[in-house]
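Asker: Okay, here's the prediction I keep looking at, along with the sequence it came from:
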There are 2 protein chains.
Amino acid sequence: MDHIRRTERLAAMTQMLVRSPNKNLALSVFCDAFETAKSTASEDLDIVRTAMKRFSLGSLETLPGAAGGVRYRPLVPRDQALAEVRALCERLGNAGRVLPGGLLFMADVLGDTATLTRMGEVLASEYYEAEPDFVVTMETQGIPLAMMTARALNVPMVIARRSVKAYEGAAVHITYPVGHSYETMSLPRRMVREGQRALIVDDVLRTGGTLAGLRSLMNEFAVTVVGAAVMMATEEAYRSAPQTRPLAVMEGVDERTGSALLRPGDWLAS
Amino acid sequence: MDHIRRTERLAAMTQMLVRSPNKNLALSVFCDAFETAKSTASEDLDIVRTAMKRFSLGSLETLPGAAGGVRYRPLVPRDQALAEVRALCERLGNAGRVLPGGLLFMADVLGDTATLTRMGEVLASEYYEAEPDFVVTMETQGIPLAMMTARALNVPMVIARRSVKAYEGAAVHITYPVGHSYETMSLPRRMVREGQRALIVDDVLRTGGTLAGLRSLMNEFAVTVVGAAVMMATEEAYRSAPQTRPLAVMEGVDERTGSALLRPGDWLAS
């Protein structure tokens, strides 16, 4: 291989770190890829670390010891997170989005991969310290945000289903109350191990039924729930579950204009 | 701001490009972020381009004209794609994964965000030239791969539902045959516009019913289908739909050991 310039090496190293959020990469990975000494690779990583910090693009952490290395976390500074969630709130409040019954049309936002990637990073920034082993969600609309949060955390995403599917093998199945009725939820036994830590991510918090169901399901697996976050909560539901972290809180809807008033979750402003 | 070293600028520029696959970034974005002249930013981008190419980490393309700029595509070289899909096939064939009836347990792989990110890049690499406007999938298990493919393509993901939901507004609803029975599929009217181009991504191709249903649904919206890809196809289904691109093809299962034999889709080997 021709002589590798430091500038090129830095670009390549940054790509390798950024494409794998929260993944521990040993120093030897870089030494092997770029045929360089550990001291040189370390110096390069210092430059990447400084650059990420200076431009608020995330953090590069060095892990000591035999299993040591570096990992990149797409940490979103609180002020940036707040500004981006404000933009999301405005978009979700747009005229024409309110459906009959005061429901909010969100399928387009939940399919917007760039926004979802970023919102996943906002939520992951909040839960890195809690060290969840996986993100759990309830099908269907919760999946995109759960997926992107799990990606930023570098943990698996686990989907609870409304009913047991033949292709999911043995499953744990629960019944939970929603309003005056009951719904069911199931999870394949082999997806989760006793003693793990779960982060719950869903699309909407309205009655609290689904979140309570997911907590109860995790309890059946002897899994600790380290937190719960949603794309949007109604003001009323948020008040009854203040420990939940909603990106957006819906204060009210105007069915006449089809618009809604939303604000960022209070945890983002603190 | 202190003087910014070129090395730091390169790391920051690479992060900005890699975190937004297939997004067109104007040169002025970099000039503003780093307070640098266009000529300097151009030189820096040349270095990033050379580095991505040299280490097979994707491609950086320059777009000319007023709307010009650069975009990063996480293009996976065919030999790398083949090696990674081979590893996926081995994992999917693992003893214990075959369920009663010869079904394959895949929920863990479909929740593995790192693998899914990479497989999304493999599929996107194949479909960049077809320029899809969105990726469409059928709930539930198709969503993770569809999401990551849409992310790499930088297009929205659209989810067809089994039934119309109140919170999705007016929807187009179709009935399609699966085996000797019929199933239903619906898509909110406001998710798709006439004349757009769709890429279909799903988890499994077994009977071909869901793919045919999605094609029929796209037809109702006057949308062109530019391709169809799945995580896994049975050998039989693949033979009847050779234009579909499966990552893995299941040649057979051994119900006694609970293992399966899979190979990469033939299109990957060509």
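Answerer: Structure's in. What do you need?
Asker: quick one: secondary structure of the nearest residue to A:Tyr238 once chain neighbours are set aside?
Answerer: Leaving aside its chain neighbours, A:Tyr238 sits nearest to A:Val249 (5.3 Å; criterion: CB to CB, 6 or more residues apart in numbering or on different chains). (C-beta placed from N, C-alpha, C; glycine too.) Put simply, A:Val249 is strand when judged by DSSP: H, G, I helix; E, B strand; the rest coil.
Asker: Report how many residues lie close to A:Val249.
Answerer: Other residues lying near A:Val249 total 22 when counted by other CB atoms under 10 Å in any protein chain shown.
Asker: beta partners for it?
Answerer: A:Ala233, A:Arg263 (DSSP bridges).
Asker: For it, give its distance to chain B.
Answerer: The gap separating A:Val249 from chain B is 17 Å, by CB to the nearest CB, to the nearest Å.
Asker: what about that residue, distance to A:Arg263?
Answerer: A:Val249 is 5 Å from A:Arg263, where distance means CB to CB, to the nearest Å.
Asker: I'd guessed the residue nearest to A:Tyr238 sits against A:Met232; true?
Answerer: Yes - with contact defined as CB atoms under 8 Å, A:Val249 counts as touching A:Met232 (7.4 Å).
Asker: Identify the contacts common to the two.
Answerer: Any residue near both A:Val249 and A:Met232 by CB atoms under 8 Å, 6 or more residues apart in numbering or on different chains counts here, and that gives A:Leu262.
Asker: can you pull up the bridge partners for the closest residue to A:Glu126 other than its chain neighbours?
Answerer: Leaving aside its chain neighbours, A:Glu126 sits nearest to A:Arg245 (6.3 Å; criterion: CB to CB, 6+ apart). Note on A:Arg245: beta-bridge partners by DSSP bridges are A:Ala229.
Asker: who's in contact with A:Arg245?
Answerer: A:Leu123, A:Glu126, A:Gly227, A:Ala228, A:Ala229, A:Val230, A:Gly265, A:Trp267.
Asker: A:Thr207 too?
Answerer: A:Val178, A:Gly179, A:Ala237.
Asker: Same question for A:Pro77.
Answerer: A:Ser56.
Asker: what pLDDT does it get?
Answerer: For A:Pro77, the model assigns a pLDDT of 96.
Asker: roughly how far apart are it and A:Lys53?
Answerer: Counting by CB to CB, the gap from A:Pro77 to A:Lys53 is 11 Å.
Asker: What of A:Tyr176?
Answerer: 44 Å.
Asker: for A:Asn94, same thing?
Answerer: A:Asn94 is 36 Å from A:Lys53, by CB to CB.
Asker: try A:Gln243
Answerer: A:Gln243 is 31 Å from A:Lys53, by CB to CB.
Asker: more neighbours, these two?
Answerer: A:Lys53 (14 against 7).
Asker: what's near enough to touch A:Leu205?
Answerer: Applying CB under 8 Å, 6+ apart, the residues near A:Leu205 are A:Leu211, A:Val230, A:Met232, A:Ala233, A:Thr234, A:Ala237, A:Tyr238, A:Ala241, A:Thr244, A:Pro246.
Asker: And the residue nearest to A:Glu126, how far from chain B?
Answerer: In terms of CB to the nearest CB, A:Arg245 sits 20 Å off from chain B.
Asker: got a pLDDT number for that residue?
Answerer: The model's pLDDT for A:Arg245 equals 98.
Asker: near chain B, which residues of the stretch 101-250 of chain A?
Answerer: A:101, A:103-108, A:111-114, A:116-117, A:134, A:139-141, A:143-144, A:147-148, A:150-151, A:154-159, A:161, A:166-169, A:188, A:190-191 (CB under 8 Å from any CB of the partner chain).
Asker: for the residue nearest to A:Tyr238, what are its contacts?
Answerer: A:Met232, A:Ala233, A:Thr234, A:Glu235, A:Tyr238, A:Leu262, A:Arg263, A:Pro264, A:Gly265, A:Asp266.
Asker: now those: which count as buried?
Answerer: A:Met232, A:Ala233, A:Thr234, A:Tyr238, A:Leu262, A:Arg263, A:Pro264, A:Gly265 (16 or more other CB atoms under 10 Å in any protein chain shown).
Asker: So which of those is the closest to chain B?
Answerer: Chain B has its nearest neighbour among the buried ones among the contacts of A:Val249 in A:Met232, at 10.9 Å by CB to the nearest CB.
Asker: from what I can see that closest one touches A:Leu262, true?
Answerer: Yes - A:Met232 lies in contact with A:Leu262 (CB under 8 Å); the separation is 7.1 Å.
Asker: list the contacts for the nearest residue to A:Thr184 once chain neighbours are set aside?
Answerer: Leaving aside its chain neighbours, A:Thr184 sits nearest to A:Thr175 (5.4 Å; criterion: CB to CB, 6+ apart). Going by CB under 8 Å, 6+ apart, A:Thr175 touches A:Tyr182, A:Glu183, A:Thr184.
Asker: if I look at A:Thr175, how far off is chain B?
Answerer: Distance from A:Thr175 to chain B, by CB to the nearest CB: 20 Å.
Asker: is it true that that residue lies in a strand?
Answerer: Yes - judged by three-state DSSP, A:Thr175 forms part of a strand.
Asker: Using the three-state scheme, assign A:Arg71.
Answerer: strand.
Asker: So what's the residue count around it?
Answerer: Neighbours of A:Arg71 using other CB under 10 Å come to 17.
Asker: How about it: which residues does it bridge to?
Answerer: Going by DSSP bridges, A:Arg71 forms beta bridges with A:Glu61.
Asker: For it, give me its contacts.
Answerer: A:Leu17, A:Asn22, A:Lys23, A:Asn24, A:Leu25, A:Leu60, A:Glu61, A:Leu63.
Asker: Now restrict those residues to buried residues only.
Answerer: Applying 16+ other CB under 10 Å to the contacts of A:Arg71 flags A:Leu17, A:Asn22, A:Leu25, A:Leu60 as buried.
Asker: Closest one to chain B out of those residues, please.
Answerer: A:Leu17 (8.4 Å).
Asker: Report the secondary structure element holding the closest one.
Answerer: A:Leu17 belongs to helix A:6-18 when assigned by DSSP states H and E.
Asker: Chain A: strands as residue ranges?
Answerer: A:59-63, A:69-73, A:134-138, A:157-160, A:171-178, A:181-188, A:197-205, A:224-234, A:245-254, A:259-264 (DSSP state E).
Asker: wait, which of those strands is closest to B:Arg215?
Answerer: Within those, the stretch nearest B:Arg215 is strand A:157-160; the backing value is 25.4 Å (CB to CB).
Asker: give me the low-pLDDT residue ranges for chain A?
Answerer: When residues are selected by pLDDT under 70, those of chain A lie in A:1-3.
Asker: one step back: shared neighbours, A:Met232 and A:Leu262?
Answerer: Residues touching both A:Met232 and A:Leu262 (CB under 8 Å, 6+ apart): A:Leu92, A:Ala248, A:Val249, A:Met250.
Asker: Great, nothing more from me.
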